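S.K.: sequence and predicted structure, then a few things I'm wondering about:
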Amino acid sequence: MSAEDPKDVARLREAFASLADEGGGSSLEPERLFDALHGDVSPEERQAVVDQLLTDPAAAEAWRLAREMEPDVAVGQAPDNALAAASRPPAWRWMSAAAAAVLAVGVGWLVTQSRVAEEPAYRSVESRTIVSALPDNAPLSRAQPILRWSGVEGARYRVRVLTPELQLLEESPETPASEYTLTADALTRIPPAGRVLWQVEARLPGEGIITSPTFSNPVP
Amino acid sequence: MSLEGSAEPDEPQTQIEPRAQGDPERSAAYRELGAAVRECLLGANRDRRLAVTLYLQGHSVPEAARLLGWDAKRTENLVYRGLADLRQCLMGRGHTP
């Protein structure tokens, strides 16, 4: 069905997701949501959680974010869930933590902007999509942590750098350059073998704002 | 799912184009449609509601089937019928899905 989704499904999905704009927190415990998404609980429990997504936009948004961040470990992709849980890579924990933070604090700018970045709001999406110019999973140097991304003509950028728990580490001033060097002590709050999340906001004269997806890089 | 419509048959229906960032009117229209989707699904048969909820969350039918613990054929049928009910309910409320 996904290969031939009815034409209206994209609009219905977008409309459903837009309920997250209502804001507010969630009454669903993060662990319960992730256990359901990963298939670590009974089908009945999973069904109960899914049913709650309908009336809990923050939980629905966290579910979408967690799935987007770790699609390969969702129950839908894992034929043997026990094995999948046992062999789950460490990265899933910070991904889940990020989405869990969304549950805890309500729908914040991170997920909202992440979704907005996927919207067909621009005439030439390919040339206006911001992508990280750092190799996949490339570690950031603690001595000289430089973030780079693809430029958008005429844009000025701001960068937000966060911990996996969505604590703001640093926010850059507006700059025309498509790279940003973090200040010397920005990564001191990140433990060894940690990780940072970062996101770029591009302001285009007369055309509004493009926000990148959320990137992630390890910090040795 | 409740299929009773509240709108008159010839009442203009809300047609929404993909929303653009920074367009409050379109964003509001999407939220209005989203709220109608939620209300329609809340009135639906539980199994159809669960299947359609996951489908609208972006899951494929096989993913939804595994999550819900059902076989794929049954899940596909529930999504298909649930979407049909949803469209009818939305149209009854004056929305074009």
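M.R.: Done, it's in.

S.K.: hey, which helix is longest across chain B?
M.R.: helix B:72-92 (DSSP state H).

S.K.: would you mind measuring from the closest residue in space to residue A:175 that isn't next to it in sequence to chain B?
M.R.: When the adjacent residues along the chain are set aside, residue A:175 lies closest to residue A:157, with 5.6 Å between them (Cβ to Cβ, 6 or more residues apart in numbering or on different chains). C-beta here means a position set from N, CA and C on the backbone, and glycine is covered the same way. As judged by Cβ to the nearest Cβ, to the nearest Å, residue A:157 and chain B stand 16 Å apart.

S.K.: tell me the contacts of residue A:157?
M.R.: A:149, A:172, A:174, A:175, A:176, A:177, A:178, A:180, A:200, A:201, A:202, A:203 (Cβ atoms under 8 Å, 6 or more residues apart in numbering or on different chains).

S.K.: please repeat the previous calculation with a cut-off of 7 Å.
M.R.: Taking Cβ atoms under 7 Å, 6 or more residues apart in numbering or on different chains as the contact definition, residue A:157 lies against A:174, A:175, A:178, A:200, A:201, A:202.

S.K.: kindly state the beta-bridge partners for it.
M.R.: residue A:175, residue A:202 (DSSP bridges).

S.K.: buried residues, stretch A:179-192. List them.
M.R.: A:180, A:182, A:186, A:187, A:190 (16 or more other Cβ atoms under 10 Å in any protein chain shown).

S.K.: contacting residues for the second one?
M.R.: The reference is to residue A:182. A:145, A:161, A:170.

S.K.: phi first, then psi, for it.
M.R.: phi -70, psi 150 (degrees, to the nearest 10).

S.K.: how much space separates it from chain B?
M.R.: Counting by Cβ to the nearest Cβ, the gap from residue A:182 to chain B is 27 Å.

S.K.: give me the pLDDT for that residue.
M.R.: pLDDT, residue A:182: 94.

S.K.: residue A:18 now?
M.R.: 86.

S.K.: from the contact counts, what lies against the helix or strand hosting it?
M.R.: Element membership for residue A:18, per DSSP states H and E: helix A:9-18. Under the contact definition 3 or more Cβ pairs under 7 Å, 6 or more residues apart in numbering or on different chains; DSSP states H and E, helix A:9-18 sits against helix B:24-42, helix B:46-56.

S.K.: pretty sure residue B:95 contacts residue B:34?
M.R.: No - with contact taken as Cβ atoms under 7 Å, residue B:95 and residue B:34 are classed as non-touching, separated by 10.2 Å.

S.K.: related to what we said a few turns ago, so which of the contacts of residue A:182 is the closest to residue A:68?
M.R.: residue A:161 (19.9 Å; Cβ to Cβ).

S.K.: surely the closest one is in a strand?
M.R.: Yes - counting by DSSP: H, G, I helix; E, B strand; the rest coil, residue A:161 is part of a strand.

S.K.: and residue B:80, how far from residue B:92?
M.R.: 19 Å (Cβ to Cβ, to the nearest Å).

S.K.: residue B:49 is in contact with residue B:81, correct?
M.R.: No - counting by Cβ under 7 Å, residue B:81 stays clear of residue B:49, with 11.2 Å between them.

S.K.: neighbour-wise, which of those two wins?
M.R.: Higher neighbour count among residue B:81 and residue B:49: residue B:49, with 22 against 17, using other Cβ atoms under 10 Å in any protein chain shown.

S.K.: pLDDT score for residue 6?
M.R.: Reading this off chain A. Looking at residue A:6, the pLDDT reads 72.

S.K.: that answer is for a different chain, and I need it for chain B
M.R.: So residue B:6 comes in at 34 (pLDDT).

S.K.: one more: the one 4 residues further on?
M.R.: Listed pLDDT for residue B:10 reads 38.

S.K.: one more: residue B:38?
M.R.: With respect to pLDDT, residue B:38 has a value of 93.
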